[in-house]
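> generate coordinates for the sequence data below:
(one chain, ligands or ions: 1)
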Amino acid sequence: MNSYKLLTPGPLTTTARVKQEMLRDRCTWDEDYKEITQKIRAQLLDLASVTKDEYTTVLMQGSGTFVVESVLTTTIGQADKVLIVTNGAYGERIVQMARYIRLNYVQYGVDYNAYPKEEEIRAILQQDRQITHIAMVHCETTTGILNPIEMIAKLAKEFGKTLIIDAMSSFGGVEMKVAELGIDYLISSANKCIQGVPGFGFVIAKKEKLSMCEGNARSLSLDLYAQWKVMEKDGKWRYTSPTHVVAAFAKAVEELVKEGGITARSARYQRNNRRLREGLQEVNIHPYIAVEKQSPIITTFLFPNEQFKFEDFYSYVKEKGYVIYPGKLTDVDTFRIGNIGEIYEEDIRQLCTIIADYMKVVAE
Ligand SMILES: *Cc1c(COP(=O)(O)O)cnc(C)c1O
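Residues are numbered from 1 along each chain as shown. A predicted model of the protein is given here:
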């Protein structure tokens, strides 16, 4: 049994049934197993509300970062240039990847609590005609800000750029009109809002775009095009796949559908998040991100006072059954609480009581 529930942005608390799926060993070339892969790929297209004529799903081994890197290395060629929009550590990680892969790139960064500005991006796109791609994180898990993908998608369309969205921590938990927005590559992973366990990620890719990427990749194992071509045949992964994780993911997708799809899950996360913010407000703990920019996924809170010690707070809360997350900002003292996973309002209510008790204990 779990000794605590995870209030982190993933890996997160999963159901017993998802965990149970991992008790069986499966053969990678067996038909039943390959069918699981094909089913998942089709279900992900349904969840994204896109058609199989226009889009395809490619699964890729590794944590989320591996999958973002596979998109960058495969879809951005030597003659291309990517505009990377950043307001947090995950956006900056994309910049770091661009350096490693030696991509042509330009970074447009804004403060961690601010939205990127449409006029400024427009100006960059007007001036720099070399830009072919735009990459941005949807929910910046660093802070919990939910970035305006409608705005960026509109600009990508207007200027005819290929759009890459890191929707790692939002896909499955936030409704998104992938086809309407014209997102070319949407990236997410098994252990976030789909509520699976870590081990692989996936890309929902526009076929027209991905089919032009043969031979681009500077990495063998991260070649998304080659992975697609092999997987497309019969559902066999190119190299050893995380069989237990894939089986658990299939169960997690089934549970997401049963819950009522992304609409219902998103509503649950929003209720969790609202209750969390309201509950902590009562004990004078305030969020870093303005409410209108706040995602329903994870919230960054400012330390309530100078005496506040995170390690002490963390241990107290863990002892009572919940694990939270440290902050990721360099200039402000913060901590983070995720409200995704197998977490309900009752958990949040309990957590808020635990935190209120802690605040009383330390004030004495
Ligand atoms: C979780 C996450 C990633 C991937 O992180 P990994 O630790 O590699 O799984 C990338 N981008 C965002 C926005 C994330 O939340």
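
> could you report the neighbour count for the residue in the chain positioned nearest to the ligand?
The ligand sits closest to Gly64 of the chain, with a gap of 2.7 Å, by CB to the nearest ligand atom. Where you see a C-beta, it was placed from the backbone N, CA and C, and this is true even at glycine. Using other CB atoms under 10 Å, Gly64 has 25 neighbouring residues.

> what does the pLDDT read for it?
pLDDT, Gly64: 98.

> need the helices for the stretch 201-350 of the chain, in chain order.
Taking DSSP state H, counting those that start in this stretch as the test, the helices found in the stretch 201-350 of the chain are 207-210, 224-234, 243-259, 261-281, 310-319, 345-363.

> deepest of the ones you listed, which one?
Ranked by average neighbour count under the criterion mean count of other CB atoms under 10 Å, the helices of the stretch 201-350 of the chain are headed by helix 243-259 at a mean of 20.

> give the other helices and strands that that one contacts.
helix 16-20, helix 31-47, strand 200-206, helix 261-281 (3 or more CB pairs under 8 Å, 6 or more residues apart in numbering; DSSP states H and E).

> can you lay out these as a markdown table showing distance to Ile337 and mean pLDDT?
Listed next are the helices and strands packed on helix 243-259 as a markdown table, based on distance: least, CB to CB, whole Å; pLDDT from 0 to 100:
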| stretch | distance to Ile337 | mean pLDDT |
| --- | --- | --- |
| helix 16-20 | 22 | 98 |
| helix 31-47 | 26 | 97 |
| strand 200-206 | 24 | 98 |
| helix 261-281 | 6 | 98 |
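
> follow-up on the earlier one: the helices of the stretch 201-350 of the chain: which one's closest to Phe301?
helix 261-281 (6.2 Å; CB to CB).

> which strands and helices sit next to the closest one?
Going by 3+ CB pairs under 8 Å, 6+ apart, helix 261-281 lies up against helix 243-259, strand 298-302, helix 345-363.

> next one: the last one to chain centre, how far?
What it means is helix 345-363. Its chain's C-alpha centre and that of helix 345-363 lie 28 Å apart, by CA atoms, centre = their mean, to the nearest Å.

> repeat that for the second one.
The chain centroid and the centroid of strand 298-302 are separated by 17 Å under CA atoms, centre = their mean.

> what residues does this protein have near the ligand?
Within the chain, the positions lying close to the ligand (CB under 6 Å from any ligand atom) are 9-10, 63-65, 90, 137, 141, 166, 168-169, 189.

> let's see 5 Å
63-65, 90, 137, 141, 166, 168-169 (CB under 5 Å from any ligand atom).

> for the residue of the chain closest to the ligand, which non-adjacent residue is closest in space?
Ser189 (3.9 Å; CB to CB, 6 or more residues apart in numbering).

> same deal with Trp29?
Lys236 (6.1 Å).

> who's in contact with the one you found?
Counting by CB atoms under 8 Å, 6 or more residues apart in numbering, Lys236 touches 28-29, 34, 37, 230.

> partners of the helix or strand of the chain at the bottom of the mean pLDDT ranking, with directions?
Taking mean pLDDT, DSSP states H and E as the measure, the chain has strand 325-326 as its least confident helix or strand, at a mean of 94. Sheet partners assigned to strand 325-326 using DSSP bridges are listed as strand 334-338 (antiparallel).

> ok, what's across the strand from Tyr105?
What pairs with Tyr105, by the bridge criterion (DSSP bridges), is Val82.

> burial measure for it, as a count.
If we define neighbours as other CB under 10 Å, then Tyr105 has 21 of them.

> so it touches Val82, yeah?
Yes. Tyr105 is in contact with Val82 according to CB atoms under 8 Å; the separation is 4.8 Å.

> report the set of residues contacting both of the two.
The contact sets of Tyr105 and Val82 overlap at Ala98 (CB under 8 Å, 6+ apart).

> okay, the helices and strands packed on helix 261-281 in JSON lines with mean pLDDT next?
Shown next, in JSON lines, are the helices and strands packed on helix 261-281 (pLDDT from 0 to 100):
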{"stretch": "helix 243-259", "mean pLDDT": "98"}
{"stretch": "strand 298-302", "mean pLDDT": "98"}
{"stretch": "helix 345-363", "mean pLDDT": "96"}
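
> reformat these into a markdown table and put distance to Tyr185 next to each item.
Shown next, in a markdown table, are those (distance: least, CB to CB, whole Å):
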| stretch | distance to Tyr185 |
| --- | --- |
| helix 243-259 | 20 |
| strand 298-302 | 23 |
| helix 345-363 | 33 |
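
> who touches the residue nearest the centre of the chain in this structure?
Here the mean C-alpha position of the chain is nearest to the C-alpha of Met168 (CA atoms, centre = their mean), at a distance of 1.5 Å. Counting by CB under 8 Å, 6+ apart, Met168 touches 64, 68, 90, 137-139, 141, 187-189, 192, 201.

> now with 10 Å, please.
Contact analysis of Met168 by CB atoms under 10 Å, 6 or more residues apart in numbering lists 9-10, 63-65, 67-68, 90, 137-139, 141, 186-189, 191-193, 201.

> could you measure from Tyr358 over to Leu83?
44 Å (CB to CB, to the nearest Å).

> repeat that for Arg265.
According to CB to CB, Arg265 and Leu83 sit 31 Å apart.

> centre of the chain to stretch 38-56, how far?
With CA atoms, centre = their mean, you get 18 Å for stretch 38-56.
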